[in-house]
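Asks: Generate coordinates for the sequence data below:
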Amino acid sequence: MRKTNQSPGEKIVKDIKRATRKQYSSEEKIRIVLDGLRGEDSIAELCRREGISQDVYYKWSKDFMEAGKRRLAGDTARAATTDEVKDLRREARDLKEVVAEQTLELRLLKKSMIDGGGDQE
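Replies: Next up is the predicted model:
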């Protein structure tokens, strides 16, 4: 049975490990996967050297292969991030406001020309 009540010290150590866990960039992941594909060292040796588990390596390798397969198949569409979607919606709203203002201004100018042009003789 697993112990669920952690001592304060255990919780602190766990929080520190979580906060200091290394985050790998996509470039680092690609480099590690390519090193594994070259086969110069065993996957176990590569993983020890890089400080990752073999499960992590094989997940990255699978993701790498799947992304390559999609790209070669011509599936170049990608999902926009939430921030990108928000930015695009904000930009579209701002552009719509500009178009509405320009349309109103144009109508007012046309109306003033029609009204003002008929009074002068």
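
Asks: So residue 32 is in contact with residue 49, correct?
Replies: No. Using C-beta atoms under 8 Å, residue 32 makes no contact with residue 49, being 9.3 Å away. C-beta: built from backbone N, CA, C; applies to glycine.

Asks: of the two, who's got more company?
Replies: residue 32 (21 against 11; other C-beta atoms under 10 Å).

Asks: So which elements touch the longest helix along the chain?
Replies: Ranked by residue count under DSSP state H, the longest helix found in the chain is helix 82-119. The helices and strands touching helix 82-119, judged by 3 or more C-beta pairs under 8 Å, 6 or more residues apart in numbering; DSSP states H and E, number zero.

Asks: Could I get the average pLDDT for that helix?
Replies: For helix 82-119, mean pLDDT rounds to 88.

Asks: repeat for stretch 18-36
Replies: The average pLDDT for stretch 18-36 rounds to 88.

Asks: ok, now how distant is the residue nearest the centre of the chain from residue 27?
Replies: Centroid-nearest residue in the chain: residue 81, 5.0 Å away (criterion: C-alpha atoms, centre = their mean). For residue 81, the distance to residue 27 equals 19 Å [C-beta to C-beta, to the nearest Å].

Asks: repeat for residue 12
Replies: 33 Å.

Asks: between these two, which one's more packed in?
Replies: The neighbour count for residue 12 versus residue 27, taken as other C-beta under 10 Å, is higher for residue 12 (11 against 8).

Asks: Now do the contacts for the more buried one.
Replies: Shown in contact with residue 12 (C-beta atoms under 8 Å, 6 or more residues apart in numbering): no residues.

Asks: separation between it and residue 20?
Replies: From residue 12 to residue 20 the distance is 12 Å (C-beta to C-beta).

Asks: next one: residue 41
Replies: Taken as C-beta to C-beta, the span from residue 41 to residue 20 is 26 Å.

Asks: So between these two, which is more surrounded?
Replies: Neighbours per residue (other C-beta under 10 Å) separate residue 41 from residue 20, with residue 41 holding more: 13 against 7.

Asks: Next up, identify which helix or strand residue 40 is on.
Replies: Here residue 40, judged by DSSP states H and E, is contained in no helix and no strand.
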